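Asker: Next input, structure requested:
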Amino acid sequence: MDKTVGLDDKTVKDALEGTLPWLVPVGLAVEALAVLDRPLLAWIQDPEYNEFDSADFYAEHREAGDKLSKLEKRIAKLPVRQSWRMERVWSPDEESSEAYDAAYEKAAVTIDGQVLHPRDLDAYATIAYEVAGLHQGDEDGFDDEDDQDEVPGDLDLALEWARAGVCVLQQSLPWPFRDVLLYGELDNRPAHRILYCYADLLRRRDPKAAAAWFTALVYLNPNDNMGARFIAPDGPQYPGF
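Answerer: The predicted model follows:
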């Protein structure tokens, strides 16, 4: 049998359809991984109660009179997938206890002058948007009031911060990740916010490169609480990149 350098291109392309792209750590991402004490824990929930059936999910939408986009029709054909849940590190706020704030501070590191817990995905997204000079919504990690193209801050540095957060997330999930990480689980939401943050910022630099990230977000969470389907290719009202 002839040796090959991995699988053929078509097999790889089919295997990666709808999955999160892989980011090679560079710059701040390398610094973040160097101080990462361990990856965030991630696990498959009880399959008996937490399998996700895309066909059933979209059937309910059809029954409600919703018209599916080409993207959603592709996802509806997927086999039943496992639902995952992630460990979460909360950013301290006015509701956190003094004990929690102290524990966070003890585990915090300094990256490029910013102090954060290396596993706090929300912190990476918050810093990225702040560096870009963009607003961050309280729940979804972005603000529709921001101009779709204008970035008053440093987009290059903002992308580095978002990339660092995504690279931290990559340490916790198998690749390619073909299951679901539902937004309905509160502890999964920081993962969605950092992924959307990276896609949102990348869209302002390279819309075609960002398209795969928005598509993956819909595969990852078909309910699409972040609204990625409206930007992803073949999604509803997709205007074209």
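
Asker: Would you mark the buried spots in stretch 213-227?
Answerer: 213-222, 224, 226-227 (16 or more other C-beta atoms under 10 Å). All C-beta atoms are positioned from the backbone trio N, CA, C, and that covers glycine.

Asker: what's the spacing between residue 54 and residue 68?
Answerer: 11 Å (C-beta to C-beta, to the nearest Å).

Asker: Give me the common contacts of the two.
Answerer: Shared contacts of residue 54 and residue 68, defined by C-beta atoms under 8 Å, 6 or more residues apart in numbering, comprise residue 76.

Asker: These two: who's more crowded?
Answerer: Neighbours per residue (other C-beta atoms under 10 Å) separate residue 54 from residue 68, with residue 54 holding more: 19 against 14.

Asker: From residue 219, how far off is the more buried one?
Answerer: Using C-beta to C-beta, residue 54 is found at 9 Å from residue 219.

Asker: Now the common contact residues for the two.
Answerer: The contact lists of residue 54 and residue 219 share 75, 78, where a contact means C-beta under 8 Å, 6+ apart.

Asker: on that earlier part again, which pair of the buried residues of stretch 213-227 spans the longest distance?
Answerer: 213 and 222 (15.8 Å; C-beta to C-beta).

Asker: now stretch 121-135: how far from the chain's centre is it?
Answerer: Averaging C-alpha positions (C-alpha atoms, centre = their mean, to the nearest Å) puts stretch 121-135 14 Å from its chain's average.

Asker: Give me the contact list for it.
Answerer: Stretch 121-135 is contacted by residues 32, 40, 89-91, 114, 116-117, 136, 141-143, 145-146, 151-155, 157-159, 161-162, 164-165, 168-169, 190-191, 193-194, 197-198, 201 when judged by C-beta under 8 Å, 6+ apart.
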